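Engineer: pasting the structure only:
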């Protein structure tokens, strides 16, 4: 769950704060759980919602589908993704600007629709779509840089 919080915030301190807040909410509201078999989903939803609310509050103060489907990459990028370790891919996602990273995580990793994202973040559907488009574009550019770098490194070894 700490990793889930980190995906939303991009930094350890905020993720730890959300983690603690979420466990407090779980403890406080455990009596509201109707089906004990659904506890894992219920807990995850609390962590996701706490992360979203935390970021909304921070935004006010400062005014997961599949990655393959979202990025729509070509064969050149496909090779780069294949060679990336999961940690490296997570790092690329963490390097996205806050709003883009948040919407990318909600849409791609958590499976929210643009309508749901718009409602939860109090933004328009168009803003959600635009931020996801920009996040995709940034990830594609980063993957192109990685693929080009690897191609150049291979050519130097061969060359």
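Structural biologist: Structure received. Bear in mind that the values here come from a model prediction, so they are computed numbers and not experimental data.
Engineer: what does stretch 28-41 contact?
Structural biologist: Residues from elsewhere that reach stretch 28-41, judged by C-beta atoms under 8 Å, 6 or more residues apart in numbering: 42, 46. Using the backbone N, CA and C atoms, a C-beta is placed for each residue, glycine as well.
Engineer: wait, stretch 100-115
Structural biologist: Contacts for stretch 100-115 (C-beta under 8 Å, 6+ apart): 7-8, 10, 48, 52, 55, 64-67, 70, 93-94, 96, 116-117, 120-121, 125, 128-129, 131-132, 134-136, 138-139.
Engineer: just those residues: which are in helices?
Structural biologist: Within these, residues falling in helices by DSSP state H are 7-8, 48, 52, 55, 67, 70, 93-94, 116-117, 120-121, 125, 128-129, 131-132, 134-136, 138-139.
Engineer: residue nearest the centroid of the protein?
Structural biologist: Taking C-alpha atoms, centre = their mean, the centroid of the chain lies closest to residue 105, which sits 2.4 Å from it.
Engineer: what's the distance between the nearest residue to that residue once chain neighbours are set aside and residue 38?
Structural biologist: Sequence neighbours aside, residue 7 is the residue nearest to residue 105 in space, at 5.0 Å (criterion: C-beta to C-beta, 6 or more residues apart in numbering). Distance from residue 7 to residue 38, counting by C-beta to C-beta, to the nearest Å: 22 Å.
Engineer: who's more crowded, the two?
Structural biologist: Shown here are residue 7 and residue 38; by other C-beta atoms under 10 Å, residue 7 has more neighbours (22 against 11).
Engineer: that one against residue 89, yeah?
Structural biologist: No - counting by C-beta atoms under 8 Å, residue 7 does not reach residue 89; the two are 11.8 Å apart.
Engineer: show me the shaky parts of this structure.
Structural biologist: 58-87, 147-159 (pLDDT under 70).
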